[in-house]
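Engineer: From the sequence below, what's the structure:
(one chain, ligands or ions: 1)
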Amino acid sequence: MNPDEERRLTEFRATVRRWVAENRVEGLPKDGDVWTREVGPEMAEWLERLRRRGWLCLHWPVEYGGAGMGPLELAVLDEEFAVAGVPRPMLGFGEALVGPAIIAHGTEEQRRRLLPRIVSREDVYCQGFSEPDAGSDLAGVRTRGVVDGDTLTITGQKTWTSEAHGADMCFVLCRTDPDAPKHKGLSFVLVPMTGNGVEVRPIRQMDGRRDYSEVYFDGSRAQVADVIGGLGNGWKVTMTTLGAERSMGYAFRHFEFLSEFREVLEVVRKDGRDGDPLVRQGMAEAYTLLEAVRFLGRSELDRLTASEPEGPEMIMYKLLWSEAHRRMGEIYMDVVGPRAALRPPGEDYTVDTWHDVLFKGQAETIYAGTSEIQRNIIAERLLGLPRR
Ligand SMILES: Cc1cc2nc3c(=O)[nH]c(=O)nc-3n(C[C@H](O)[C@H](O)[C@H](O)COP(=O)(O)OP(=O)(O)OC[C@H]3O[C@@H](n4cnc5c(N)ncnc54)[C@H](O)[C@@H]3O)c2cc1C
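Structural biologist: Presented below is the predicted three-dimensional model:
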């Protein structure tokens, strides 16, 4: 890094640190992900302060309501927020997935009309990709989009739609040309969720929560003006969306893991289990994985800073951090010991950090492409191995 750049980042770090000290809100949740419109009063205040400062949707261009930050500034801000113990909000699927897709493939009119509505949280999105028979084989989606003049009529079923119950828009991958080859007849369209023939059926999880749903579109209307990338180009837009999903959190994932590690370590110490050689071995393994995630995230950051486009390396990063986190979940259950198996009575299953990591760790190796699919891509695109 050249000295000017280094000076600029040092100044930026000081600015972030000062701003957080002066503007921090007490009682904020640990997790900054904002999936629904309803948030607690502390988070609402924190979002408002960040919005006034222009620090929402940090990597989006300023002209569309973002902060225009590059990967290094993002990493600095994440680091400062983590050290100060305040969450860095991410405005759900709007900011993370559909926003980057609109920036890359939308028309200028779509960018100016749609992106500021995500920043202001007028539009909260969910992701309508997976179907009962189209998950890993996503191009096999059967949801139909029939074009009639300026409108599309959407009919079909999506599943595992995260946070659908709190969303007012869904970005749907649908088949608009059944006669075209599998990957060619697809379109990526934004569909309103309310008063539009959309039924959301939540799926109850083993911990009592209902974070995912089946979503049924029955003659739901969308505008051709809200097709991103043009009719028949949905696969290209979807690839951008999945790329954005895989690259989420490269600069801060290890902070999240470190705070979980510290919590488990504290419990282990409090319970007097820190002298047990097996517990020590487990915690050492978890810490080693955590450091590996940190170094891999750093090398992704270097690559992005050198303006190298997102390539198969990000796929490797997603595979490694998700598998590492899954292993951490197993280790934490072991080292916490019998306490991990005890739950207070009640209808819902209270989730402690170690359960959360165990459950999340499994899910992380499935969404944004399963580990098997990531390995296939690494084998074919990175190593040049034959498909069969
Ligand atoms: C927490 C979570 C949140 C999610 N949120 C959303 C959401 O908001 N919106 C949405 O659209 N989807 C969502 N999904 C769905 C997710 O995208 C799919 O679960 C994922 O793509 C896998 O598809 P599937 O479940 O149909 O499994 P399948 O594709 O049926 O796979 C079953 C098994 O077979 C393996 N397999 C399949 N094909 C191959 C192959 N070619 N080579 C080797 N192995 C293979 C897979 O790795 C897996 O182990 C979510 C999933 C999870 C876990």
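Engineer: what mean pLDDT does stretch 130-149 have?
Structural biologist: Here the mean pLDDT over stretch 130-149 is 97, rounded to a whole number.
Engineer: That one and the ligand, are they touching?
Structural biologist: Yes: counting by Cβ under 6 Å from any ligand atom, the ligand is contacted by stretch 130-149 at 130, 135-136. In this view, the C-beta of every residue, glycine as well, is placed from N, C-alpha and C.
Engineer: Start and end of that stretch, how far apart?
Structural biologist: As for stretch 130-149, its first-to-last residue distance stands at 27 Å under the measure Cα to Cα, to the nearest Å.
Engineer: swap in stretch 173-185?
Structural biologist: The first and last residues of stretch 173-185 sit 10 Å apart, counting by Cα to Cα.
Engineer: Buried residues in it, which are they?
Structural biologist: By 16 or more other Cβ atoms under 10 Å, the buried positions in stretch 173-185 come out as 173-176, 185.
Engineer: so which two of these are the farthest from each other?
Structural biologist: When the buried residues of stretch 173-185 are compared pair by pair using Cβ to Cβ, the two farthest from each other are Leu173 and Gly185, 11.1 Å apart.
Engineer: what about the residue of the chain found nearest the ligand, neighbour count?
Structural biologist: Nearest residue of the chain to the ligand: Gly135, at 1.9 Å (Cβ to the nearest ligand atom). By the criterion of other Cβ atoms under 10 Å, Gly135 has 18 neighbours.
Engineer: what about it, distance to Lys158?
Structural biologist: Per Cβ to Cβ, to the nearest Å, Gly135 is found 11 Å from Lys158.
Engineer: same question, Gly275
Structural biologist: Gly275 sits 51 Å away from Lys158 when distances are taken as Cβ to Cβ.
Engineer: Asp179: what secondary structure?
Structural biologist: Classification of Asp179 by DSSP: H, G, I helix; E, B strand; the rest coil places it in coil.
Engineer: Near the ligand, which residues of this structure? Just list them.
Structural biologist: Selection of the chain residues close to the ligand by Cβ under 6 Å from any ligand atom yields 127-130, 135-136, 160-162, 212, 363, 366-367, 370, 372-373, 376.
Engineer: The stretch 101-250 of the chain: strands as residue ranges?
Structural biologist: Counting by DSSP state E, counting those that start in this stretch, one finds strands in the stretch 101-250 of the chain at the ranges 125-128, 144-148, 151-162, 169-175, 186-192, 198-203, 212-223, 227-228.
Engineer: Packed most tightly, which of those would that be?
Structural biologist: Neighbour counts (mean count of other Cβ atoms under 10 Å) averaged over each of these peak at strand 125-128, with a mean of 28.
Engineer: Packing partners of that one?
Structural biologist: Counting contacts by 3 or more Cβ pairs under 8 Å, 6 or more residues apart in numbering; DSSP states H and E, the secondary-structure elements packed against strand 125-128 are helix 92-93, strand 151-162, strand 169-175.
Engineer: Surely Gly185 and Pro178 touch.
Structural biologist: Yes: counting by Cβ atoms under 8 Å, Gly185 sits close enough to Pro178 to count as a contact (6.2 Å).
Engineer: Would you mind naming the residues that bridge with Tyr125?
Structural biologist: Note on Tyr125: beta-bridge partners Met169, judged by DSSP bridges.
Engineer: Show residues contacting stretch 207-218.
Structural biologist: Outside stretch 207-218, the residues within contact range by Cβ atoms under 8 Å, 6 or more residues apart in numbering are 126, 128, 143, 154-165, 170, 172, 191, 197-205, 347-349, 351, 355, 359.
Engineer: Near Met333, how many other residues are there?
Structural biologist: Using other Cβ under 10 Å, the number of residues around Met333 comes to 17.
Engineer: Could you do Glu26 as well?
Structural biologist: Residues within reach of Glu26, counting by other Cβ under 10 Å, total 7.
Engineer: What residues sit buried inside the lengthiest helix in the chain?
Structural biologist: The helix that spans the most residues within the chain, counting by DSSP state H, is helix 277-305. Within helix 277-305, the residues that count as buried by 16+ other Cβ under 10 Å are 279, 282-283, 285-287, 289-290, 293, 296-297, 300-301, 303-304.
Engineer: I'd like to know which of those residues is nearest to Ala104.
Structural biologist: Checking those against Ala104 with Cβ to Cβ, the nearest one is Leu304 at 15.3 Å.
Engineer: What distance do you get for the residue lying farthest from the centre of the chain to Ala222?
Structural biologist: Computed with Cα atoms, centre = their mean, the residue of the chain farthest from its C-alpha average is Gly275, at 37.5 Å. When distances are taken as Cβ to Cβ, Gly275 and Ala222 turn out to be 61 Å apart.
Engineer: what do you get for His183?
Structural biologist: With the distance defined as Cβ to Cβ, His183 ends up 21 Å from Ala222.
Engineer: again with Leu382
Structural biologist: Between Leu382 and Ala222 the computed distance is 37 Å (Cβ to Cβ).
Engineer: One more: Arg343?
Structural biologist: 44 Å.
Engineer: dump the residue contacts of Asp226.
Structural biologist: Taking Cβ under 8 Å, 6+ apart as the criterion, Asp226 is in contact with 110, 114, 189-191.
Engineer: Is it possible to get CSV of those residues that adds pLDDT?
Structural biologist: Below are these laid out as CSV (pLDDT from 0 to 100):
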residue, pLDDT
Gln110, 98
Leu114, 98
Val189, 98
Leu190, 98
Val191, 98
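Engineer: Specify which member of those is nearest to Arg24.
Structural biologist: Leu114 (31.4 Å).
Engineer: what's that closest one in contact with, if anything?
Structural biologist: Contact partners of Leu114, counting by Cβ under 8 Å, 6+ apart, are 102, 106, 123, 190, 226.
Engineer: Kindly report the same for Ser247.
Structural biologist: The contact partners of Ser247, by Cβ under 8 Å, 6+ apart, come to 300, 310, 314, 317-318.
Engineer: If anything else comes up later, I'll come back, but that's it for now.
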